[in-house]
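Q: The following block contains a protein sequence and its predicted model.
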Amino acid sequence: MAVRKVRYYLYLKDVILLSVTAFGGPQAFLAMILDLMVRKRAYITESELWELNALCQVLPGPTSTQTISAIGYRIGGPALAYLSLLVWILPATILMIAAAFLIDFLQESTPGALSFAKFIQPMAIGFIIYAAQKTIFKMVKTAEATVLMMLAAFISFFYHSPYVFPILLFVGGLVTSLNYKNHPREKGDKKLRISWSNFYLWAGILVFAALLGALTKNQSVLLFENFYRNGSLIFGGGQVLVPYLYTEFVEFKRFLSSQEFLTGYAISQGMPGPTFSISSYVGALSMREYGVVGLLTGGFIAAAGIFLPGTFLIFFVIKFWDQLKKYRPVRAALEGINAVSCGMLIAAAYLLFEPLDANLFNVLAIFGTYLLLNFTRLSSPVIIIIGVLAGIGYNLIF
């Protein structure tokens, strides 16, 4: 028993280490997991890691967070999984809430305080374009998927309601699931043995939060429901979360300005840990009217709302994934869901550019960022620092 306790402690210590050093997105995160948790610690085998990561990628929610939680679940069950979830998200959550405090304070105390972000706001769009390119080449491989991607981009651009997104995802998955015969059969027992407890937990909280919010109109409850719903629908990682948050909190509810949102997104690219931590920044600023308590409450509520659904779902599916993935319609539906997610990402780049002035400085900042990401080895934090320094220098000179 003592050995098991030490192992749990070591695992949580490794998760803390990852949470403050995992810069560079999902690829760098996976490389660090492979080195630390597979080769050095041998918590799981390499094949188990790839299987868990693949499962997390086909579920809604933050892939890196689900992977960490799933490894914890394999080692020590639900208790360790929830502890590892908390340890993984806490540093990034605190940093992004601190960023919200800073942005709010600067704007309250100094007119034009966001001038230091002159370049990092358009640079955020460069990050999205780069992410879109990587995601599209990975996920869109057929003519049908390409058409779905372009239709999703077109609809997402012209119809900004957050309720359009889940409909698009459902339709995209349904369209490609009809072509399931193109996928090879897999041998083996297909009989599903399902434990529904975590599904009921996920769905129960979703329905309860929606009903409670509708009845009470309490902003904290409504905020939790908003993020919980988004966390239940996001396929494709943190970059796909951007159009959801921008549409709902900037265009639909106007809790943040476009300038504030872009600044926060750029800052989040320089933070370690999960990319979904941008939610804490958005949640904090959404409740700034309630002062310091509101900023803190909004940030932590947003974190809970965005991260919990994916955790519940991975715990639900992990027990019967081996049987589920043998069904060809399930595998076929993922193609359409991924294509629609890519379309939303394309629309996000256009929507985020709209409020900016179409001047030479912004265009150069966008494409300069894209070129640095694509053709150099500079890390995201370094690129963000360059952008901040360039903004400060520009203001001093002009």
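A: Everything's here; your move.

Q: hey, let's count contacts and neighbours off CA atoms from now on
A: OK.

Q: Can you pull the domain assignment for the protein?
A: Annotated domains of the chain cover 2-84, 85-397 [automatic domain parsing].

Q: Mean neighbour count added to the ones you listed, as JSON lines?
A: Output for the domains of the chain, formatted as JSON lines (neighbours: other C-alpha atoms under 10 Å):
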{"stretch": "domain 2-84", "mean neighbour count": "18"}
{"stretch": "domain 85-397", "mean neighbour count": "19"}
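
Q: Mean pLDDT lowest where, among those domains?
A: Mean pLDDT values for these show the minimum at domain 2-84, a mean of 77.

Q: Next one: A333 from P309, what distance?
A: Between A333 and P309 the computed distance is 21 Å (C-alpha to C-alpha, to the nearest Å).

Q: Please disregard the earlier target; I meant A124.
A: 27 Å.

Q: go on, L324?
A: Distance from L324 to P309, by C-alpha to C-alpha: 20 Å.

Q: now do R328
A: For R328, the distance to P309 - C-alpha to C-alpha - is 25 Å.

Q: repeat for A348
A: To P309, A348 is 23 Å away according to C-alpha to C-alpha.

Q: check which helix or strand covers the closest residue to S268 other than its chain neighbours.
A: Counting by C-alpha to C-alpha, 6 or more residues apart in numbering, S268 lies nearest to I278, which is 5.8 Å off, once chain neighbours are set aside. Per DSSP states H and E: I278 is located in helix 278-286.

Q: Tell me where the stretch 151-300 of the chain has helices.
A: Ranges of helices within the stretch 151-300 of the chain are 164-177, 197-216, 219-231, 238-245, 258-269, 278-286, 291-317, based on DSSP state H, counting those that start in this stretch.

Q: Redo those helices as a markdown table? Include distance to W50.
A: Below are the helices of the stretch 151-300 of the chain laid out as a markdown table (distance: least, C-alpha to C-alpha, whole Å):
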| stretch | distance to W50 |
| --- | --- |
| helix 164-177 | 23 |
| helix 197-216 | 23 |
| helix 219-231 | 23 |
| helix 238-245 | 19 |
| helix 258-269 | 25 |
| helix 278-286 | 26 |
| helix 291-317 | 15 |
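
Q: so which of those comes closest to L106?
A: helix 258-269 (11.4 Å; C-alpha to C-alpha).

Q: The closest residue in space to L169 that isn't next to it in sequence and M344, how far apart?
A: In space, L169 comes closest to I337 once its chain neighbours are excluded; the distance is 5.3 Å by C-alpha to C-alpha, 6+ apart. Per C-alpha to C-alpha, I337 is found 11 Å from M344.

Q: now S380
A: Taking C-alpha to C-alpha, one finds S380 at 23 Å from M344.

Q: do the same with T376
A: T376 is 27 Å from M344, by C-alpha to C-alpha.

Q: And for R7?
A: Here the distance between R7 and M344 works out to 42 Å (C-alpha to C-alpha).

Q: How about S19?
A: Per C-alpha to C-alpha, S19 is found 28 Å from M344.
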